[in-house]
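Peer 1: Sequence and predicted structure are below.
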Amino acid sequence: MKNQRFRERVGFAWAGLRAAWCSERSFRAQAIIAVVVFVAMGVLQPPLIWWALVGTMMVLVLAAELINTALEHLVDHLHPERHPRIKTVKDCAAAAVLLLSVGATWVGVLMVLSVLDINGN
């Protein structure tokens, strides 16, 4: 399926988003959080650089969640029985999502502090 038209490739990506939305509670939660953050940013009206940073972090968290989902589905298909190494693979992928989520939260907190000028600068 190499060298498909752009339209078909975008269709595959949308199918992946739909599959993750339908099958993964974590992806739905992260996507809902992203929408809430976007609305909060509309209220707070931070400078453009914060829109870029927070938006990038939201996209990275969602992308990591998609990679984690894809990896879990692949591993479960190839090795359906429980195995300590498979558990490690899944745990590491989940840890990557967790680290990005912590980083995104940190950026969000800094943005709020900056907008509200908590430090009095």
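Peer 2: On my side now, so go ahead.
Peer 1: from here on, contacts and neighbour counts on C-alpha atoms
Peer 2: OK.
Peer 1: tell me the contacts of residue 112?
Peer 2: Taking C-alpha atoms under 8 Å, 6 or more residues apart in numbering, we find residue 112 in contact with residue 44.
Peer 1: Need the pLDDT of it.
Peer 2: pLDDT, residue 112: 92.
Peer 1: in which helix or strand would I find it?
Peer 2: helix 84-116 (DSSP states H and E).
Peer 1: After the helix or strand harbouring residue 11, which helix or strand is next? Please name it.
Peer 2: When elements are assigned from DSSP H and E, residue 11 belongs to helix 6-23. Once the chain leaves helix 6-23, the next helix or strand it forms, by DSSP H and E, is helix 25-44.
Peer 1: which other residues reach that next one?
Peer 2: By C-alpha under 8 Å, 6+ apart, the list of residues contacting helix 25-44 reads 20-21, 51, 58, 61-62, 65-66, 112, 115.
Peer 1: Just want the angle from that helix to helix 6-23.
Peer 2: Angle of helix 25-44 versus helix 6-23, following axes from the mean of the first three to the mean of the last three C-alpha atoms, to 10 degrees, is 100 degrees.
Peer 1: Give me the buried stretch members for helix 25-44, please.
Peer 2: 27-28, 30-31, 34, 37-38, 41 (16 or more other C-alpha atoms under 10 Å).
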